[in-house]
Every structure is written in structure tokens, then in C-alpha cells.
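K.L.:
Whatever this is, show me its structure:
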Amino acid sequence: MKFIQGGITAPCGFRCNGIHCGIRKNKSKADLALIISEVTASAAAVYTQNKVKGAPIAVTKANLADGKAAAVICNSGNANTCNADGVEIAEKMCVLVEKHTGISANDVIVASTGVIGQKLDVTPIADGMEELVNGLGKKSDKAAEAIMTTDTRLKECAVEFTLGGKTCRIGGIAKGSGMINPNMATMLVFVTSDVSVSPDMLKKAVKSSADETFNMISVDGDTSTNDMLSVMANGLAGNPFIETENEDYYTFLTALNAVNAHLSRMIASDGEGATKLLECKVSGAKTLKDARIAAKGVISSSLLKAAMFGSDANWGRVLCALGYCGADLDVEKVGVSFISEGGEIEVCKDGHGVDFDEVLAKKILSEKEIVINVTLADGDCAATAWGCDLTYDYVKINGDYRT
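P.N.:
Numbers count the residues shown, from 1 in each chain. Next up is the predicted model:
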């Protein structure tokens, strides 16, 4: 497997585009994206577990009930959430795709992101459809730009691998910077693939990958109302059809995890106001569940995130987070070290502090990417979570987000 260029248009049979249609006041910001497959694809998605859900989620769930899709339409600038006519608007967006592309409205994944509780006028979307469709092509960057809100940079990647002697590809784009503490998938993530796989196996792979990657991110502890990860696999690679958990399935899952983990890191490093990417690696846990809970608990701690912003080796905050996160662990066995390009330093062993060089620790924690290495010495399970530091700018960004 290798990383390649092309994003969501790297796999065979996919085209996309992104434009400014007028939902956002700033004309320099694209706000409408469309992704289409040349043929109907197997499709699966996972969604936010927030009880308050964006209207597009209900429509997408209904459209994916048969495990098939051929298009994604997504707007930014308005979440279409808590609106009385939200479902109607989301359905109209699907109908517009059918009108302009011929793809059935029932085969459309629809998503929205932006401010919650503001009515979404479908008129700009309708007016922009002709331009959007006419410009379809190998434009993964344009689609990635069009789904951004407070993101500061594009998030896309793709991988290439082999199944049954056939070259296969998976590509993805994502948006997410704030209101990020997923409990399903994350933010908005659209993944494409030319692998031939059954809807049931794709659904299984998507859920498994979400648990290992996107569910292991936290920027600010807030689970969004519009979180969605969707995957379309159109089969144009011509590989042997995957309909059981065979070797090809696990090869596909490994490639999907690679794309999703890469996007997860990009989302965490672009957290609102962030200056550092934090990666917590937990090893020696009793179970995979305990490893994931511990890693996510550390990365979600506001106090730990603030300490990382200040390059303060306050390892007690790691222990504190481990103590309340709910993982089954023995605090008398915990070890903690900090790692970056600046070096590595052990700060805790067997649940107690050890003497360490504060100057070296400051140097290590002053880097842009920091690994918090936690050893539990309770078993053989491991997990990784991603987050970012908590800075003054996070408050500034969210203090006037709506106005």
C-alpha cells in the first residue's frame, strides 16, 4: 500500500467539484460540493450519536437503507439543524442532484455543516447546480474546500493497494476543526473507493474503521449534531467481489484505516486555535476497550491540553485523566513519557513521578507534534488517540462564531 495524489477522485469512476453558490456571505469561500460515481456504488455511513441531529442525517439514512448510493451533495455555512423544514430542504437538495445529473434522488448522500438553528434557503443551491455539475472533474481539492467551515487547511488523501491482482484505490476528504469529540465517526468525511465489496461488508468495515480512527479524536469535547462518515465503493477496480471476512476484506480494511487515520491526524492538528498535534499512545491495557478509553481520556483532558500549549510537562494531568476516564487499570503500574523531534523523556513510572530534566522536557513539548506515551502493564492491548492543545484562540474563534 502507498499514499498517492488525487483525493476522492483517485479511485476510478469518481468526479467532483466545489463552488461558491451564495450560502456564505464571503464570496471567496466555496460553500457547495458534489461528488458523483459513474455507476451506482455500495455505500455505508455512520452518524453522530448526539440526540440533536441535522436534518440531512435522517434523509441520508433513508437513502442508504438499501446499501447503495451514487452521489454526495454537501453545503457549508449552514448546518440545516433544528429547522422545521430541514428534512424538506435536504430532500430538495437530493432532487436537485437528480435533475442535473440523472442520479436518482434516493441514491444521494446529503450533508450540511455550519451554524445551527438558521434556516437554509435552497435557492442558492438550485441556482448553483448548473455551474457545479458542468465543472465536475478531478477536483478533489475544490470539493474539500467547499465543505470547510473554521478549518484552516484542506484535508484530503488517497492510497493505492492490490486485491486479487487488481490495482485498487481509496480516497477521502474531511472537514473538522471545532465541535469535535466524535461518538460514531466524525465531523464530515466523504470516502470513495473503486473496490468491489458488498454493502454488508462495507458497512462492517466502516464501523470498524470509525472506532479505530475518527472515534479516537477530540479537539474540544463537543460532539457535533451533523457528524457523518460515508463511504462509496463502486467496484470499478474489478477485484474479486468481497462478500465475506476474507483476506481481501482485511486488506481493504487496512487501507481504509490508513486513509481515515491520516484524515484524523489532519483534523486534530487543525483544531480551532491549535498550535500542536497531540498523539496519545496507550499500550499494555487489559482490553482494546480499556486502551481506547484511556487514550481518548488523556487526549480529551482540557487541563492536559492547556499544559501542552504551555509546553509544561505536567504529567499529573495525564494520571488524573486516566483516573477518571473509566478504563480498568492499575494506577500503581502506569508509566508516562513525552516524545517529539526534540527527544524523549520519562516523567512517571509505576504511578509515581521520577526526576527529569525540566529544560529538556520544555524543549520536547515545544515541538509541533507531541506523543504522550502511556504504558499500563496490565495486558497486551493498545490504542492511539489524537487531539490538540487548548489555546487562547479557541475561545476567540468560538466567542463570535455565529455573529
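K.L.:
ok, which stretches of the stretch 251-400 of the chain are helices?
P.N.:
Counting by DSSP state H, counting those that start in this stretch, the stretch 251-400 of the chain has helices at residues 288-300, 302-309, 316-324, 358-365, 392-399.
K.L.:
Now these in a markdown table, please, with extra columns for mean neighbour count.
P.N.:
In short, each C-beta sits where N, CA and C put it, glycine included. Shown next, in a markdown table, are these (neighbours: other Cβ atoms under 10 Å):
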| stretch | mean neighbour count |
| --- | --- |
| helix 288-300 | 23 |
| helix 302-309 | 20 |
| helix 316-324 | 18 |
| helix 358-365 | 16 |
| helix 392-399 | 13 |
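K.L.:
Redo the ones you listed as CSV? Include distance to Val108 and mean pLDDT.
P.N.:
Below are the helices of the stretch 251-400 of the chain laid out as CSV (distance: least, Cβ to Cβ, whole Å; pLDDT from 0 to 100):
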stretch, distance to Val108, mean pLDDT
helix 288-300, 33, 97
helix 302-309, 38, 96
helix 316-324, 41, 97
helix 358-365, 46, 98
helix 392-399, 32, 88
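K.L.:
Can you list the low-confidence ranges for the stretch 201-350 of the chain?
P.N.:
223 (pLDDT under 70).
K.L.:
Apply 80 and report the result again.
P.N.:
220-226 (pLDDT under 80).
K.L.:
could the helices of the stretch 251-400 of the chain be laid out in TSV, adding distance to Lys166?
P.N.:
Output for the helices of the stretch 251-400 of the chain, formatted as TSV (distance: least, Cβ to Cβ, whole Å):
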stretch	distance to Lys166
helix 288-300	32
helix 302-309	44
helix 316-324	45
helix 358-365	45
helix 392-399	45
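K.L.:
right, and those helices - which one's nearest Thr162?
P.N.:
Closest approach to Thr162 among the helices of the stretch 251-400 of the chain (Cβ to Cβ): helix 288-300, 28.2 Å.
K.L.:
Report the backbone C-alpha coordinates of the closest one in PDB.
P.N.:
What follows is helix 288-300, C-alpha atoms only, in PDB (Å, rounded to 0.1, in the frame of the first residue of the first chain):
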ATOM      1  CA  LEU A 288      -8.900  -3.000  23.500                       C
ATOM      2  CA  LYS A 289     -11.900  -1.100  25.000                       C
ATOM      3  CA  ASP A 290      -9.800  -0.100  28.000                       C
ATOM      4  CA  ALA A 291      -6.900   1.000  25.800                       C
ATOM      5  CA  ARG A 292      -9.300   3.200  23.700                       C
ATOM      6  CA  ILE A 293     -11.000   4.700  26.800                       C
ATOM      7  CA  ALA A 294      -7.600   5.600  28.300                       C
ATOM      8  CA  ALA A 295      -6.100   7.100  25.200                       C
ATOM      9  CA  LYS A 296      -9.300   9.100  24.500                       C
ATOM     10  CA  GLY A 297      -9.500  10.200  28.100                       C
ATOM     11  CA  VAL A 298      -6.000  11.700  28.100                       C
ATOM     12  CA  ILE A 299      -6.400  13.400  24.800                       C
ATOM     13  CA  SER A 300      -9.700  14.900  25.900                       C
END
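K.L.:
This completes my enquiry, with thanks.
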